[in-house]
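Enquirer: Following is a predicted model, sequence given first.
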Amino acid sequence: MVLRMQSLSPPRRVSVDGPIIVGAGPSGLAVAASLGEEGMPFLMVEREDCIASLWQKRTYDRVKLHLPKHFCELPRMPFPDHYPEYPTRRQFIDYLVDYATKFDIKPEFNTTVLSAHYDNTSGLWHGQATSAGGDQMEYIGRWLVVATGENAVNVVPDIPGLGGFCGEVTHVSHYKSGEPYHGKRVLVVGCGNSGMEVSLDLCDHGAHPFMVVRDAMHVIPREVLGKSTFELAMLLLAWLPLWLVDKIMIFLAWLVLGDLDKLGIHRPAVGPLTLKHTLGRAPVLDTGALARIRCGQITVVPGITRFTNSDAVLSDGTTVHVDAVILATGYRSNVPQWLRATDFFGKDGYPKTEFPNGWKGQFGLYSVGFARRGLSGAAADAVHIAKDLCQVWKEESRPTKKAGRPCYRRSISVVL
């Protein structure tokens, strides 16, 4: 009876003086820090109970930043000098926690935005949200910043027979270490950076991984002669056309890694940087998995046709007996599930306008973390968003603004 009465009670309406930021990952934190330094109030809501929940709850223990740290730092705060070139998961989490502390970012945790829409009559955004305890809220403000990112929802493929497989099936978001898989035959579905690293981690813990490579993909060395391949590509792009840099990267990959066709890994016809810029498909940075494939510790297999109760039937007609399946099949955006009545985002949950102009929509709508350019792209978008918002806010508040810098970082008032 109590639950029924709660469900019938009207939501608590909250008027937000500044932007409503949905998501407390690195992208949302970058916007909040940039706004706070200019004295603009904001409200940040986060469905989990911590910042950067993807890194804190859904990444495996051995993961490191794939790019050198100076490409991954957020605005206004570099990484500590003592951090290595490729910070560990724990170091990056510590950096983000310190970042939120430094800029006094205090999200409303355990708050899930169920829907958000723009009201043409009032010129305001309305966000319907619920707390973990079941309380209903309606946030109302002039600006909405979508910072839920590219990795909000697990992608689980619909493979015939998977539901009847008797072994353990887990998404990579729940994988922490290969230790529980010692001595087991494990099928890793997916061959991106996560699939490669999980397969390598399984080897290190005495498991026998089979890695599914269904489509063509680019694999390039993380470093060449001690220099980051990504950094080299960015340097070359400042002087050479994209197609030529692609050819150089492919040549370097062949020079360092050799012919991957013999390993069952085939390169796409389109170059690695072109694929990243057009489709957001990042090349795999090899950190040691290829050496394990060559020596037979990781077995590359083609696509899966179906599962039986104990086997995987492959596209070439062969059958592989496995004890467990790990789905390294990635994530997707969840924006279409809750953002209503706007054509700024496509059905895939990404802005229709491509980078570098996909950060601003109409009627006070902004997006950050959807540029398919990693942390550096998110940081760049965050700076643009904060500059745009603060310019409007300062112009409108100038006649009545008192001297001195506000001491708050967010501002809300209960309407009802």
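Expert: Cool, the structure landed.
Enquirer: And the contacts of the helix or strand hosting residue 186?
Expert: Here residue 186, judged by DSSP states H and E, is contained in strand 185-189. For strand 185-189, the surrounding residues in contact (C-beta atoms under 8 Å, 6 or more residues apart in numbering) are 157, 159, 195, 198-199, 202, 207-212, 301, 304, 312, 320-329. In short, each C-beta sits where N, CA and C put it, glycine included.
Enquirer: Filter those residues down to just the buried residues.
Expert: Among these, those buried by neighbour count (16 or more other C-beta atoms under 10 Å) are 159, 195, 198-199, 202, 207-212, 301, 304, 312, 322-329.
Enquirer: Please name every helix or strand in contact with the helix or strand that contains residue 97.
Expert: Under the criterion of DSSP H and E, residue 97 resides in helix 89-102. Packing partners of helix 89-102 (3 or more C-beta pairs under 8 Å, 6 or more residues apart in numbering; DSSP states H and E): helix 26-37, helix 53-57.
Enquirer: out of the ones you listed, nearest to residue 112?
Expert: Residue 112 sits nearest to helix 53-57 of all the helices and strands packed on helix 89-102, at 12.1 Å, using C-beta to C-beta.
Enquirer: What is that closest one packed up against?
Expert: Here helix 53-57 touches helix 89-102, going by 3+ C-beta pairs under 8 Å, 6+ apart.
Enquirer: Give me the subset of the contacts of strand 185-189 lying in helices.
Expert: Judged by DSSP state H, those include 195, 198, 199, 202 as members of helices.
Enquirer: Contacts only, for the residue nearest to the spatial centre of the chain.
Expert: Per C-alpha atoms, centre = their mean, the C-alpha nearest to the average position across the chain is that of residue 151, at 4.0 Å. Going by C-beta under 8 Å, 6+ apart, residue 151 touches 54, 330, 331, 332.
Enquirer: Farthest pair within those?
Expert: For the contacts of residue 151, the farthest-apart pair by C-beta to C-beta is 54 and 332; their separation is 12.8 Å.
Enquirer: So what's the model's average confidence on the strand holding residue 186?
Expert: Strand 185-189 shows a mean pLDDT of 98.
Enquirer: pretty sure residue 111 contacts residue 47?
Expert: Yes - with contact defined as C-beta atoms under 8 Å, residue 111 reaches residue 47; the gap is 6.5 Å.
Enquirer: partner residues bridging residue 129?
Expert: On the basis of DSSP bridges, residue 129 is bridged to residue 113, residue 137.
Enquirer: per-residue confidence at it?
Expert: If you check residue 129, the pLDDT there is 97.
Enquirer: Can you get me a residue count around it?
Expert: Residue 129 has 24 neighbouring residues, counting by other C-beta atoms under 10 Å.
Enquirer: mind listing what it touches?
Expert: Going by C-beta under 8 Å, 6+ apart, residue 129 touches 45, 111, 112, 113, 114, 136, 137, 138, 139.
Enquirer: do that again at 6 Å, thanks
Expert: When contacts are counted by C-beta atoms under 6 Å, 6 or more residues apart in numbering, residue 129 touches 111, 113, 137.
Enquirer: most neighbours, which of the residues you listed?
Expert: Greatest neighbour count in these, by other C-beta under 10 Å, goes to residue 113: 24 neighbours.
Enquirer: tell me the contacts of it?
Expert: Residue 113 is in contact with 22, 127, 129, 338, counting by C-beta under 6 Å, 6+ apart.
Enquirer: let's go with 7 Å and repeat that
Expert: Residues in contact with residue 113 (C-beta atoms under 7 Å, 6 or more residues apart in numbering) are 22, 45, 127, 129, 338.
Enquirer: ok, now residue 62?
Expert: By C-beta under 7 Å, 6+ apart, residue 62 lies in contact with 197, 201.
Enquirer: Which of the ones in helices among the contacts of strand 185-189 sits closest to residue 85?
Expert: Scanning these for proximity to residue 85, where the rule is C-beta to C-beta, the winner is residue 198, at 22.3 Å.
Enquirer: Tell me how far the closest one lies from residue 149.
Expert: According to C-beta to C-beta, to the nearest Å, residue 198 stands 21 Å off from residue 149.
Enquirer: pLDDT below threshold where in the stretch 201-350 of the chain?
Expert: Along the stretch 201-350 of the chain, no part satisfies pLDDT under 70.
Enquirer: Which parts of it are strands?
Expert: Counting by DSSP state E, counting those that start in this stretch, the stretch 201-350 of the chain has strands at residues 208-212, 219-221, 223-224, 227-228, 284-286, 299-301, 304-307, 311-314, 319-321, 324-327, 331-332.
Enquirer: Make JSON lines out of those strands and add distance to residue 77.
Expert: JSON lines is the format used below for the strands of the stretch 201-350 of the chain (distance: least, C-beta to C-beta, whole Å):
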{"stretch": "strand 208-212", "distance to residue 77": "37"}
{"stretch": "strand 219-221", "distance to residue 77": "30"}
{"stretch": "strand 223-224", "distance to residue 77": "26"}
{"stretch": "strand 227-228", "distance to residue 77": "21"}
{"stretch": "strand 284-286", "distance to residue 77": "25"}
{"stretch": "strand 299-301", "distance to residue 77": "41"}
{"stretch": "strand 304-307", "distance to residue 77": "44"}
{"stretch": "strand 311-314", "distance to residue 77": "46"}
{"stretch": "strand 319-321", "distance to residue 77": "47"}
{"stretch": "strand 324-327", "distance to residue 77": "35"}
{"stretch": "strand 331-332", "distance to residue 77": "26"}
